[in-house]
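*Asks:* I need the structure of the sequence given here:
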Amino acid sequence: MHEQRDNGTGRASVDAAANDDRLLEAIQRRDAAGLAALYDRYGRSSYGLAYRLLGEREAAEAVVEEAFLLLWRRAGEVRAQRGAVEPWLMTIVRRLAIERRRGAVSATGDPSLDAVAAIEADRIRAVADALPAEEREAIELAYFDGLTHAEIAERTGVTSDAVKERLRLGLRRLREGLEDRQGKRRSRRRRGTSSG
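*Replies:* All right, here's what the predicted structure looks like:
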């Protein structure tokens, strides 16, 4: 394994990110060498994290195997999000290890898919937490509690029209916030690969 060193310019991390992107592209083409190269690069740190969380060699190995299998299946999504491989992979390893430690039953029957869904839920939650309280409350009551506009109006003490307006504004801000977060990730990724 060839390890790159940063000479103070940030060049090594830029080169690694560009190389990771090429390897993800190879994985999308179902080139196992791309996965093997990413495993060589991140397998040890993935195992270290899983072992720290689980304390068992076999369980840690199973989590790492599952995480890399998920990377094999989802390489295109990782590339589309323009995220760095290592943080994405470490998040998956962490979530899978925690699920295994808790003995959690997978909602979809596939803990890997549950881990990806949890990451998306975290993104949405972070944006929703920044919404004005009345808009966030209206969205939660409508989409999570399944209340109608009239029921939300009765519960919150405002008119149905006010509920509709809060939902409209809240959903627009939520969509814009998610798009903004996605755009910032892409922008950081572009800056990282174009500099140097």
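
*Asks:* Which residue ranges of the protein form helices?
*Replies:* For the chain, applying DSSP state H gives helices covering 11-28, 32-54, 57-81, 85-102, 111-129, 133-139, 149-156, 160-194.

*Asks:* I'd like the ones you listed written out as CSV, with mean neighbour count and mean pLDDT added.
*Replies:* The C-beta positions use only the backbone N, C-alpha and C, and glycine is treated the same way. Converted to CSV, the helices of the chain look like this (neighbours: other C-beta atoms under 10 Å; pLDDT from 0 to 100):
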stretch, mean neighbour count, mean pLDDT
helix 11-28, 17, 70
helix 32-54, 18, 89
helix 57-81, 18, 83
helix 85-102, 19, 84
helix 111-129, 15, 71
helix 133-139, 18, 90
helix 149-156, 16, 91
helix 160-194, 15, 76
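
*Asks:* ok, Asn60 touching Gly43?
*Replies:* No, residue 60 isn't Asn; it's Ala. No: applying C-beta atoms under 8 Å as the test, Ala60 and Gly43 come out as separate, 11.2 Å apart.

*Asks:* domains of this structure?
*Replies:* Following automatic domain parsing, the chain resolves into domains at 1-108, 130-196.

*Asks:* how about the ones you listed, which one is nearest Asp122?
*Replies:* Judged by C-beta to C-beta, the one of the domains of the chain that comes nearest to Asp122 is domain 1-108, at 8.8 Å.

*Asks:* what's near enough to touch Met160?
*Replies:* In this structure residue 160 is Ser, not Met. Ser160 is in contact with His149, Ala150, Ala153, counting by C-beta atoms under 8 Å, 6 or more residues apart in numbering.

*Asks:* How much space separates Ser160 from Thr148?
*Replies:* 9 Å (C-beta to C-beta, to the nearest Å).

*Asks:* cool, Arg94 as well?
*Replies:* Per C-beta to C-beta, Arg94 is found 39 Å from Thr148.

*Asks:* swap in Arg22?
*Replies:* Distance, Arg22 to Thr148, using C-beta to C-beta: 51 Å.

*Asks:* so what's Ala150 up against?
*Replies:* Contacts of Ala150 (C-beta under 8 Å, 6+ apart): Ser160.

*Asks:* sorry, back to before: could you export the domains of the chain to JSON lines, including columns for distance to Arg123?
*Replies:* Output for these, formatted as JSON lines (distance: least, C-beta to C-beta, whole Å):
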{"stretch": "domain 1-108", "distance to Arg123": "10"}
{"stretch": "domain 130-196", "distance to Arg123": "7"}
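
*Asks:* Among those domains, which comes closest to Ile124?
*Replies:* Closest among the domains of the chain, once you apply C-beta to C-beta, is domain 130-196, at 6.9 Å.

*Asks:* my guess is Phe68 meets Gly34, correct?
*Replies:* No: in this structure Phe68 lies outside contact range of Gly34 using C-beta under 8 Å: 11.3 Å.
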